[in-house]
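*Asks:* the amino acid sequence is not available; the structure is as follows:
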């Protein structure tokens, strides 16, 4: 397994090997699915959206619908305007979405299609919407694409009427529907009226009903996106994912924002709860406080299994930071924190976390890849890997347990229904981590050391 | 590991090897902890309660309080009446519980202490209670002890006033606090007013607060136990665990009962929901129906990994039956179903399940032990083991993945907070089972067969 | 009648779309002409399942070549999506002292950034090649371009030449930008062209036996190719190379020395088969190792081709033995499947092949379609002369080859070929999907999401074989869907044993108890039953 | 002052309980007499942590004997609870061609049912023994009785004799019913008696070297015994047998041929040490391999006993080497632990031993107690003549042994012993816990739940070392508690390396970040901060 990966790390300047990111459009597509009645549309060659739908489907194991401008060579030379026009007409005719959310591709970006102009010129049926964002694949990553799509919705739709709706605008970050359900639970518990954009619950974690709905119940309502302009405040979860969108809403409609890390682990969830408490008049209700107490109880209980254990965490920047924060709270050492997404903020935020816990000797890298991560591990092994599916070859090559968290996870089921955020999500993380380490001990210890009590 | 276990099965008439049960008192102690302000009391030698507290603590990783009559040789010869009298006086003096729940031991049973008489003769502080049940260790198992303690509370306290309180009496079966929370969620969702006895939520899954409370918030209130006599109906979950207690309430207070299997998996939870629906006027709310649909969605998604897989399930009778039912719903073959608890009902219920799904060639055994289970497995291997901690040596000896469910689990953490009942619990079971099988595939396949997509 | 159903579905389209799609959707027989329009552009906005040229070139044909370092030149996405997702299995091995490494666990990309787009990416590509050679020392470097590369004018072919000059490492470039052609098919063609130009014919290792073959269009999904190789070897037939599942540059370069080409997937590889016939005189035989009858016939056809009685006897023995080993299971699965019906929408040849396997189990096909086929895949190669190239297909280079002065040789005389034909063995020919299909079956070329939903609603098959993008749509409707691209992570399905695995999986899917739980019991009974409580 | 604290805690008792407990709870020094009441009945209803006679006999002393099939005769619970829960590690091994099986993964019980109680259980016991011999062919069968067995009068000793006669398999019975005595201690004594009667002295394998020892009262929890054996072997000291962690009947039967007995846990095994001295003339030395200083002293004492300069030099080398290897880590952990304080409540000797290890790290002991000790464990063996047996202790058989005519031999002369004493090596003596303790430390015999809570509240140690039943009570109060019975599933803690593991675990427990999250931040700030919303 991965037999050709040398231990010696050479400085690569051009070759990306085993990436820890993918391209913008898939993130934009995911974000657009979180709007009710929305058909995401890929402005480019049809292969892009085929790949993106495949990937999202494999992560969520639920239908993922999106259309394409189906560029041919001609369109690539002469511009994709006519393709887009045909596409939107066909889409409204046949699928009747409320809104089409167009994202670009490296193809249409390279030829320079002006989406603003194209959409302005388009005849859009009464009461329907076409919005867009630019997602050139050669910049950022799928996370950037997610951000750009959210920003796109805001730029097109959010409107300030001047009358506050007394709501919070919640930006969830690039998380699973299971996480978004957990947010809603916490906001409802704190009696904070809110609009969350996007909201993929009910879309990508839908029930089996015997009847497929192209536009299922879930997703942020268009009117709610419009109403974002009247929100009192934005809580932007996941600084690298959500802050730019919050900025856009601030710029457009003067909604102030608070940027928070993803509420993963105790302190980040506490921060989130305090932000909610600052907004509402409400005390944190007893059942949430009880959940928190249960979590802390578990953390103290399992600390002999987690303390001092070295973990390599890879994936999306906010997710990696969130997991690393919780790992530190468990007394673990996040030896390697790596994201494929570029951006210095990741590294400074990661280092700040390490400093806060006084942990030294760890590497934090943005714009990295799994080949490098594997080389690091070959040079100094870790006890645990946390990340998406693509780490499994490293896990097998080095005989390290892998806990699957983040995106994409295309070799397991059910995970996307289960939160990692909030106190409940941290309980899940704690159990997954403790079980992985304890299972490893049970399977790797000598027979005479197999323990009945642990 | 377990190197001395021969494949050939000989007919043992006397020797129990590696039991799949323990003795009554530990079950009685657990049940008594589910009553608010209750101190369980073991009438016997102090070693019993030391063992029971150790075991329950190791399963729940939370404090387990109970006192003992601390028999010495003298008491064993002359009777333990005076020890009990001293004990109850000291307990009320020092710990000030609302109620003391006495269970007997093989010691006090063998010498023939008459608890009814002893308690009648006792001077009990005003407003306080002493109740008891008989739990001879040489009959039944810890499950029987649980049942007997619940029955004991009913016999002492439940009272029919003649005015119905329009509530359901819910008997939860021998399950974890995480399960009991899930019951409460479902009952509340169906707006069914209820009293659950016992209720160990808040007692054995309590939060870390920085302040130990000997009698924490949770547990069934004494007044609620009294009010059981005025309930409209009993729903007894887990036929072998709860039916006898429901019978006792019927006998004492004419409360009719409905006996249901533990609501594990789809159909048993459906049955439970229908029972709740039959009681209240309420439709099953959308969010519960959604949970159910999500569960079915997951089951269809994972069926290629579960279908036809052979599983050995061991543990407590109702739990084994509940897991087996869900395994069958997943298309698995519950090749071996084994409980240490005696009772023919287990075998007939197990066989009825197999018949219902048209599955042949499986063994169902009550009053069995893990030595026998291991021998069965040596004769025909299974793909998965499900049960408590004690199966881990078999799992390691035969290289079979083990999913921990049931009682006791003394080598893992957090499990007791997480439900196995209801649709949510089934999701957890589905994920644990699918992950165990898929992890096994990933670790045991040839490298060339390691899959990135699954 | 099928034609009515067809009309009922298509009439929901706008006139323009209707006009286009009616040529792609036909009902077999019922007096309809068995002719179809295929390999034309998808309609923008109509949700197609098709992929792109890059997917066909890198994803399908080149991806499985295990000892090649395939660098995807472009932004990261394209490389990422084709990384480990197609289940074309392989492992590093040694053959006659020559190793073939296996790089399939690796994903190589130039991860182009904005400056590379603006200022050109050749420099980065060269650096990436330098690094891949430095770290991995691969036998060969393949360069695949993605959309922007063609637009900005990076000359990857020049970079390939530079690579060979600079490092002495073989390098080939593939201009397979996603926008080329109308589907994966363009990519197959581009890949095929370069294989014949730069790889086939460059080795000189002679086969060891008289009866040697190349296995063309076998991608070893779920291990299919390994199972076919096992069967061939049992029969005493030598496999020189596999295009390309589990295959290697090491073996492909010697493929021109084999005695016969076997073509499994006609669509993706027929160019190579044709060009090898023209250049090296090697006949090709359309085989199909999916299905019990099909596998037996394919083996027998090979025996007939070589004409050796001993070989033929051995083949009969193997067939008898393989079938004997599966009879009980076959009977069992047949008993569970007989009378069921299926719809199939897969890639280039599977929608045809799997109908035959389904027939082995008594399962009827009510709808079938290809994602990226040409008319010959439907109607048979006899229609090729009638196919008019359109603008999109004209853009894909079609190369002509001459007989190779050194290696050209002919094994069978024209007379022998005619005798073979009399025995039902048609060389260098594919009959297409239509001929074997039942009256009234619906054929859908480039089946799209709308038609999928509608046809499944009216045809109500028991199972829809398709891909991951359709799967959960179908299953949300309560109908089993199994992926025939990836076999839902099972397999092999090829050969006799594979048929049983397929039967097992289908029975599993249809009979898994979860289907019966879709409706909650309270949805079946009057919902308000209660007598009290609950007003709180 | 400690005495005041003590009073403050105890005064909450009723007069009767106060009268009892005041004798068990003392403050060291401060003018108080250093004398205590111990080994008396627990008070009914007062939540003690003590176990029973069976736990001491089967659970502690016999359980670790790996090659014995130990049948627990009684209802299922007692066997079940002692199955795998005590972490006395072992594995099957071979020594000089003689195998010792390891049955520790097995739990054997007669699982008595009501008819067995009513009609007697001997028949079932005999059948169970027949079955265990039939299936396992063990070297020895040990039978342990539980509460009802004594009451119904089953004669297990007769059954043991029957076993030997019937099968030729050695069998010993232990009447260790749970109600006997006042704690586990009775069980130790009962086990010790039968070991000296039936096992020790029955073998004839001579030690191979001049410097051979038995390791007494070492139960190999978490592998402690193995670590001690490693150290002894490094020094050139032969270990004949271990009582009983990782030990075997195979070895125990030869233990009378060793040159010296080392006693780690005084309480549980001192009967054997004494009786072996009387019967075989073997001196015993109280050692303590918990703690760095203690381990070094223990090794040196052994060297002094044997008096061989070469041995003593080797011992010094080993000590220097072991200490050099841990110095860096020791310094680090010391820096994290210095100035912390601890309370200890464990079994027979650990509350003493671990004070010394804690001292190595600069941790002060503010409270210590034994669960089942006798006065000599606190005050030193010099008080033994003053201990008046009460009704409960009189019930436990105390046996007298005579010098063995064949094996009795004396190694050191009286003069040599006196010289040793001058060097600080006291043979056949244990000084008890008190002597090393600081002024003002609280001592609690049979510490109960109430006192635990109260003393921890007032003494506020940084950590409470105790057992699983206390652990979560303590931790719910926000204070670290570590199990010193099971080492919280870590270990070994013995020896030099073990000390570092202990230091690591303690630092881990004290510094794990989770402690800082106990209070939610909104519990620290005014709770209502909001400006709007939330009335819904």
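*Replies:* Nice, I can see it. In this text, all values refer to a predicted model and were calculated from it rather than measured experimentally.
*Asks:* which outside residues touch the lowest-mean-pLDDT helix or strand in chain C?
*Replies:* When the helices and strands of chain C are scored by mean pLDDT, DSSP states H and E, helix C:391-394 comes last with a mean of 90. With Cβ atoms under 8 Å, 6 or more residues apart in numbering or on different chains as the test, helix C:391-394 has contacts from A:72, A:73, A:74, C:39, C:40, C:41, C:181, C:182, C:186. Every residue, glycine included, has its C-beta placed from N, CA and C.
*Asks:* measure the spatially closest residue to residue C:47 that is not a sequence neighbour to residue A:50 for me?
*Replies:* Nearest residue to residue C:47, sequence neighbours excluded (Cβ to Cβ, 6 or more residues apart in numbering or on different chains): residue C:449, at 3.8 Å. As for residue C:449, its distance to residue A:50 is 12 Å (criterion: Cβ to Cβ, to the nearest Å).
*Asks:* what of residue C:182?
*Replies:* 13 Å.
*Asks:* so what sits against both of the two?
*Replies:* With Cβ under 8 Å, 6+ apart as the test, residue C:182 and residue A:50 both reach residue C:50.
*Asks:* quick revisit: quick one, which of residue C:449 and residue A:50 is more surrounded?
*Replies:* More neighbours surround residue A:50 than the other of residue C:449 and residue A:50, with 27 against 21 (other Cβ atoms under 10 Å in any protein chain shown).
*Asks:* assign a three-state SS to that one, would you?
*Replies:* Put simply, residue A:50 is helix when judged by DSSP: H, G, I helix; E, B strand; the rest coil.
*Asks:* I figured it hits residue C:469, correct?
*Replies:* Yes: counting by Cβ atoms under 8 Å, residue A:50 does reach residue C:469; the two are 7.1 Å apart.
*Asks:* any chance you could list residues touching both of the two?
*Replies:* The contact sets of residue A:50 and residue C:469 overlap at residue C:49 (Cβ under 8 Å, 6+ apart).
*Asks:* hang on, the earlier thing: got any residues that touch both of residue C:449 and residue A:50?
*Replies:* Overlap of the contact sets of residue C:449 and residue A:50 (by Cβ under 8 Å, 6+ apart) consists of C:48, C:49.
*Asks:* residues in contact with residue C:345?
*Replies:* Residue C:345 neighbours (Cβ under 8 Å, 6+ apart): C:49, C:351, C:367-371, C:444, C:447, C:452, C:464-467, C:470.
*Asks:* re the thing from before, now the two most distant members of the contacts of helix C:391-394.
*Replies:* Greatest spacing in the contacts of helix C:391-394, by Cβ to Cβ: A:74 and C:39 (16.0 Å).
*Asks:* and these two? which has more neighbours close in?
*Replies:* Neighbours were counted for residue A:74 and for residue C:39 using other Cβ under 10 Å; residue C:39 has more, 24 against 16.
*Asks:* so the more buried one, which of the three states?
*Replies:* Using three-state DSSP, the structure places residue C:39 in coil.
*Asks:* pretty sure it sits against residue C:378.
*Replies:* No: assessed by Cβ under 8 Å, residue C:39 is found out of contact with residue C:378, at 10.2 Å.
*Asks:* and the end-to-end length of stretch C:35-46?
*Replies:* Stretch C:35-46 has an end-to-end distance of 23 Å (criterion: Cα to Cα, to the nearest Å).
*Asks:* okay, buried residues for it please.
*Replies:* Neighbour-count burial for stretch C:35-46 flags C:36, C:37, C:38, C:39, C:40, C:41, C:42, C:43, C:44, C:45, C:46 (criterion: 16 or more other Cβ atoms under 10 Å in any protein chain shown).
*Asks:* could you give the number of residues near the residue of the stretch 101-250 of chain A found nearest chain D?
*Replies:* Nearest residue of the stretch 101-250 of chain A to chain D, counting by Cβ to the nearest Cβ: residue A:191, 3.9 Å away. A total of 17 residues lie near residue A:191 under the criterion other Cβ under 10 Å.
*Asks:* quick check: phi and psi at it.
*Replies:* Per-residue torsions, residue A:191: phi 50, psi 40 (degrees, to the nearest 10).
*Asks:* go on, the one 4 residues further on?
*Replies:* In this entry, residue A:195 is assigned phi and psi values of phi -130, psi 130 (degrees, to the nearest 10).
*Asks:* which residues does it contact?
*Replies:* Per Cβ under 8 Å, 6+ apart, neighbours of residue A:195: A:167, A:168, A:169, A:170, A:220, A:224, A:225, A:227, A:228, A:231.
*Asks:* 7 Å - rerun?
*Replies:* A:167, A:169, A:170, A:220, A:224, A:227, A:228, A:231 (Cβ atoms under 7 Å, 6 or more residues apart in numbering or on different chains).
*Asks:* ok, now residue A:173?
*Replies:* A:237, A:238, A:241, A:242, A:262, A:318 are the contacts of residue A:173 under Cβ under 7 Å, 6+ apart.
*Asks:* redo the residues you listed as a markdown table? Include pLDDT, secondary structure and distance to chain C.
*Replies:* A markdown table is the format used below for the contacts of residue A:173 (pLDDT from 0 to 100; DSSP: H, G, I helix; E, B strand; the rest coil; distance: Cβ to the nearest Cβ, whole Å):
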| residue | pLDDT | secondary structure | distance to chain C |
| --- | --- | --- | --- |
| A:237 | 98 | strand | 25 |
| A:238 | 98 | coil | 21 |
| A:241 | 98 | helix | 18 |
| A:242 | 98 | helix | 22 |
| A:262 | 98 | coil | 23 |
| A:318 | 98 | helix | 19 |
